[in-house]
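A.B. asks: A predicted structure for the sequence below; I have some questions about it.
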Amino acid sequence: MKSFEYGDSEIGFVDIVITISSMIIGVGILFLPRALAKTVQSSDGWVSMLLAGLLAIGSAWMLAKIATHFSKQGYFAYASAAVTKPIALIAILSLTLYFILYSAYEVRAIANISKQYLFERTPVEAISLTFLLVVVYAVSGSRVGIIRLNILFLPIVIVISIVVLTFSMSIFDLDDLKPFLISDWKGLAKGIETSAFSLFGFEVILIYITLMNHPKKAPKAVVLGVAIPVVLYTVIYLTCVGVFSHFALQQITYPAIELAKEMQIPGAFFERFESIFFTIWIMAVFTTTIMAFDCSIYLLMSVFNKTKKKTWVFILNPFIYILCMFPRNLADFDEISSIISYIGLIVAIMFPILIHVAAKIRGVNSDAS
């Protein structure tokens with residue numbers, strides 16, 4: 001008797017594509033158009049976005065290619081054989097800290113935005129705690145179940161985004177995109193940095209590669225998984241410029257949500273579509289936070305394998321909550337966002353590359369061979 005396709009403990013090609021896209025699509029797009037408008041002139045942010053997308057796709061492909069070498073033994077075992085166990089422990093714990101910070105950032109971000117658009121009188125501490133408790137409940141379950149949740153939520157998020165973009169065309173002004181290509185290389189480079197950081201998240205392939213039934217397909221899967229957010233982010237950015245203009249876009253904190261507020265649906269069927277859009281977008285942030293939390297637990301369990309998963313959940317939960325409450329204002333929040341991104345660049349991309357090079361030099365056994 002053939003087993004139920006989504007009832008097993010393995011994931012396939014499409015699952016990884018959706019997982020990577022779900023991990024990347026989070027709160028970043030809600031304020032990315034404003035960040036790009038501040039760094040480039042006119043509508044030139046699309047150039048930075050596409051170039052950053054190419055860098056992210058290249059990095060994701062390389063990381064997935066490396067991950068295929070430890071698809072069975074896991075990252076910690078592979079790193080221990082390559083660079084000795086103490087150094088591997090530092091690499092794993094550093095990556096764990098990155099995912100913990102990633103989780104805290106997403107929780108605080110969704111709390112800030114929820115307070116502004118949905119719960120004006122509710123303290124941000126209460127919103128953060130409520131959201132985090134729901135995340136804790138979700139992450140306590142099956143790891144494969146989290147992947148299946150992405151398959152359920154991502155299509156809804158994309159459909160709602162397409163609806164917003166489609167009905168925004170009635171107020172879209174093509175002249176606001178002109179003139180083209182007037183930004184200098186410094187502005188474009190800063191835009192590439194900003195855009196590239198918003199595309200982080202593909203690092204989860206280092207963890208979820210162990211669940212794949214065909215690990216050799218991982219590089220192609222992550223390329224497609226990164227390409228989807230790149231296209232979506234670029235279209236949303238250009239639409240925001242065409243609707244608000246470049247100058248006005250610099251003054252709007254969360255342009256993507258304001259875009260949902262400004263869109264016009266014939267017959268005034270929805271009067272506050274931004275609430276629906278934001279509620280749906282919470283799904284995307286929810287899955288991103290779950291996966292970041294889950295990855296940190298997986299890494300800790302790979303080192304301390306005698307400790308149960310739920311124990312780590314309860315240990316990390318208050319730690320994440322304290323971290324998410326650390327930023328005092330929006331300026332602190334933006335600064336911490338950049339710090340987390342630089343940490344991710346080092347521990348989630350550079351470290352695995354260096355470990356792989358060391359493994360090649362030392363002739364470490366590879367799962368890909």
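C.D. replies: Yep, that arrived. Numbering: from 1, shown residues only.
A.B. asks: Isn't Ile57 up against Ala227?
C.D. replies: Yes: counting by CB atoms under 8 Å, Ile57 sits close enough to Ala227 to count as a contact (6.4 Å). Just so you know, the C-beta spots here come from the backbone N, C-alpha and C atoms, and that holds for glycine as well.
A.B. asks: Now for the nearest residue in space to Lys178 that is not next to it in sequence, how many residues are close by?
C.D. replies: Nearest residue to Lys178, sequence neighbours excluded (CB to CB, 6 or more residues apart in numbering): Ser42, at 6.8 Å. Using other CB atoms under 10 Å, Ser42 has 17 other residues around it.
A.B. asks: How about Leu51?
C.D. replies: Number of residues near Leu51 (other CB under 10 Å) recorded here: 16.
A.B. asks: Against Asp334, how distant is it?
C.D. replies: 22 Å (CB to CB, to the nearest Å).
A.B. asks: again, but for Phe326
C.D. replies: To Asp334, Phe326 is 13 Å away according to CB to CB.
A.B. asks: Ok, Val134 next?
C.D. replies: Val134 is 26 Å from Asp334, by CB to CB.
A.B. asks: Repeat that for Leu55.
C.D. replies: 22 Å.
A.B. asks: higher neighbour count, these two?
C.D. replies: A count of neighbours by other CB under 10 Å puts Leu55 above the other of Leu55 and Asp334, at 16 against 13.
A.B. asks: show me what contacts that one?
C.D. replies: 192, 196 (CB atoms under 8 Å, 6 or more residues apart in numbering).
A.B. asks: in this structure, what spans have low per-residue confidence?
C.D. replies: Segments of the chain classed as low confidence (criterion: pLDDT under 70) are 1-9, 264-273, 368-369.
A.B. asks: Surely Val204 is in contact with Met291?
C.D. replies: Yes: at 5.7 Å, Val204 and Met291 qualify as touching, with contact defined as CB under 8 Å.
A.B. asks: So if I had to pick from the two, which one is more boxed in?
C.D. replies: Set side by side, Val204 and Met291 show more neighbours around Met291, with 30 against 27, by other CB under 10 Å.
A.B. asks: what's the closest non-adjacent residue to that one?
C.D. replies: Closest residue to Met291 in three dimensions, ignoring its sequence neighbours and counting by CB to CB, 6+ apart: Met23, at 5.3 Å.
A.B. asks: For the one you found, what is the enclosing helix or strand?
C.D. replies: Met23 belongs to helix 13-24 when elements are defined using DSSP states H and E.
A.B. asks: what's next to that helix, contact-wise?
C.D. replies: Outside helix 13-24, the residues within contact range by CB under 8 Å, 6+ apart are 11, 60, 147-148, 150-151, 153-154, 198-202, 204-205, 208, 212, 214, 217-218, 220-222, 224-226, 228-229, 284, 287-288, 291-292.
A.B. asks: Can you give me the buried ones in that helix?
C.D. replies: For helix 13-24, burial by neighbour count (16 or more other CB atoms under 10 Å) applies to 15-24.
A.B. asks: Other residues contacting stretch 157-177?
C.D. replies: Contacts made with stretch 157-177 from outside it, assessed by CB under 8 Å, 6+ apart, are listed as 25, 42-43, 228, 232, 235-236, 238-239, 241-246, 259-260, 262-265, 273, 276-277, 280-281, 283-284.
A.B. asks: Of these, keep whichever come out buried.
C.D. replies: By the neighbour-count criterion of 16+ other CB under 10 Å, these include these buried positions: 25, 42-43, 228, 232, 236, 238-239, 241-246, 259-260, 262-263, 273, 277, 280-281, 283-284.
A.B. asks: So Ala109 sits against Tyr102, correct?
C.D. replies: No: counting by CB under 8 Å, Tyr102 is not a contact partner of Ala109; they are 10.7 Å apart.
A.B. asks: who has more neighbours, those two?
C.D. replies: Tyr102 (29 against 23).
A.B. asks: what residues are up against that one?
C.D. replies: In this structure, Tyr102 makes contact with 292, 340, 344, judged by CB under 8 Å, 6+ apart.
A.B. asks: secondary structure element for the second one?
C.D. replies: So the one you mean is Ile340. Using DSSP H and E, Ile340 sits within helix 330-344.
A.B. asks: Can you mark which positions in that helix are buried?
C.D. replies: Buried residues in helix 330-344, counting neighbours by 16+ other CB under 10 Å, are found at 333, 336-337, 340-341, 343-344.
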